[in-house]
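Enquirer: build me a model:
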Amino acid sequence: MWRAFFLACGSYACILGAECMAIDKAVLKMRHEPAAGVLDSDGGRRRDFIPPEWAPWSLLSAGAVTMLYSFTLPKRVKDK
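Expert: Have a look, this model is predicted:
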């Protein structure tokens, strides 16, 4: 179970890092009233997300290390 959990977390971090590398800006549309945001043309609110410069490579490397760690875990850990 732990092996699958760490593998999933690592792959998610790698995918998120690759997405941050591919985009310059993401526009998030929200239907609820947020504390801060800009009104959209259809009356909803939107928030711009600009990934920081360090995010893509940090997420990719942390995800890769986590995935490598998951492969080194034993297949079954016996509880005491």
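
Enquirer: doesn't residue 46 make contact with residue 25?
Expert: No: applying CB atoms under 8 Å as the test, residue 25 and residue 46 come out as separate, 11.2 Å apart. Where you see a C-beta, it was placed from the backbone N, CA and C, and this is true even at glycine.

Enquirer: out of these two, which sits in the more crowded spot?
Expert: The neighbour count for residue 25 versus residue 46, taken as other CB atoms under 10 Å, is higher for residue 46 (15 against 8).

Enquirer: what's residue 29 sitting at in phi/psi?
Expert: phi -100, psi 130 (degrees, to the nearest 10).

Enquirer: which SS class is the residue nearest to it when sequence neighbours are not counted?
Expert: Nearest non-adjacent residue to residue 29, counting by CB to CB, 6 or more residues apart in numbering: residue 46, 5.1 Å away. Following DSSP: H, G, I helix; E, B strand; the rest coil, residue 46 is assigned to strand.

Enquirer: begin at 472, not 1, for the rest of this chat.
Expert: From this message on, residue numbering opens at 472, which makes the last subject residue 517.

Enquirer: distance check, residue 517 against residue 531.
Expert: Residue 517 sits 28 Å away from residue 531, going by CB to CB, to the nearest Å.

Enquirer: check residue 480 too.
Expert: 14 Å.

Enquirer: am I right that the residue nearest to residue 500 is in contact with residue 497?
Expert: No: judged on CB under 8 Å, residue 517 makes no contact with residue 497 at a distance of 10.3 Å.

Enquirer: what's the longest helix along the chain in contact with?
Expert: For the chain, the longest helix by residue count, based on DSSP state H, is helix 473-493. Contact with helix 473-493 is made by 522, 526-542, 544, 546, 548, as judged by CB atoms under 8 Å, 6 or more residues apart in numbering.
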